[in-house]
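> No letters, just coordinates:
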């Protein structure tokens, strides 16, 4: 896999905080671009939003069709059979973006990692295993694909985590999001969990709750 292409939006000059937000299967970094103006937390404090574009990969459950994907999904069973090695490779690619931000002068503790659906599974792997302290993690409409294999980083044992899911999600059942929270709690984390009456998407209430979480993280 080559270096990731990204979309970058700075909400002011010389940002000291960075949010890296990973999109879902078949989408692109432009997916959540329209939400940036909706956040209040980044209006008074300059924040750099980085939206990476996933590499093009064949996806087994979609008949081998090549599309933007962080990893291959091998079977759509309740626990999601996925290509874990590919997922970890994508996590490493995103880790390179974190390192690039540190090189630009943003402290690691000011970098927040998040993702939607497939991107959220990569965000879990990256943020909880990253060797330097990060600012926070948000996981939206997703699942903890590497809960049984992840090497947890001591630097992020108290990482603030926001988990959100739609109660009518037909793509990633809410039970998977709830199971992720149980895994996190067993590991010693204290995630915030929110459920919304929506399908596999985002809603305004969720954006408001994310805004409050991110405001606390950068306070």
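Structure's in. What do you need? Computed from a predicted structure; not experimentally measured. Numbering: from 1, shown residues only.

> before we move on, which element is the closest residue in space to residue 69 that isn't next to it in sequence in?
Leaving aside its chain neighbours, residue 69 sits nearest to residue 57 (4.3 Å; criterion: C-beta to C-beta, 6 or more residues apart in numbering). Just so you know, the C-beta spots here come from the backbone N, C-alpha and C atoms, and that holds for glycine as well. Using DSSP states H and E, residue 57 sits within strand 56-59.

> Can you name every helix or strand that that strand contacts?
Packing partners of strand 56-59 (3 or more C-beta pairs under 8 Å, 6 or more residues apart in numbering; DSSP states H and E): strand 65-68.

> by contact count, what packs against the strand it packs on?
Applying 3+ C-beta pairs under 8 Å, 6+ apart, we find strand 65-68 packed against strand 56-59.

> got the contact list for the strand it packs on?
25, 64, 65, 66, 67, 68, 69, 71, 72, 73, 86 (C-beta atoms under 8 Å, 6 or more residues apart in numbering).

> can you pull the buried residues of that strand?
57, 59 (16 or more other C-beta atoms under 10 Å).

> Starting from that strand, tell me which strands it pairs with and how they run.
Here strand 56-59 is paired, per DSSP bridges, with strand 65-68 (antiparallel).

> Can you pull out the residues in contact with the partner strand?
Here strand 65-68 has contacts from 23, 25, 26, 27, 28, 53, 54, 55, 56, 57, 58, 59, using C-beta under 8 Å, 6+ apart.

> what's the average pLDDT for it?
For strand 65-68, the mean per-residue pLDDT is 96.

> Give the other helices and strands that the very next helix or strand once past it contacts.
Using DSSP H and E, the helix or strand that follows strand 65-68 in sequence is strand 73-75. When contacts are defined as 3+ C-beta pairs under 8 Å, 6+ apart, strand 73-75 sits against strand 81-82.

> Could you give the bridge partners of residue 7?
Here residue 7 sits in beta bridges with residue 51, going by DSSP bridges.

> State the distance from it to residue 157.
Distance, residue 7 to residue 157, by C-beta to C-beta, to the nearest Å: 31 Å.

> Looking only at neighbour counts, state which of these two leads.
Between residue 7 and residue 157, residue 7 has the larger neighbour count (other C-beta atoms under 10 Å), namely 17 against 12.

> Do you have the helices of the protein handy? List them.
41-44, 84-103, 118-129, 174-186, 204-218 (DSSP state H).
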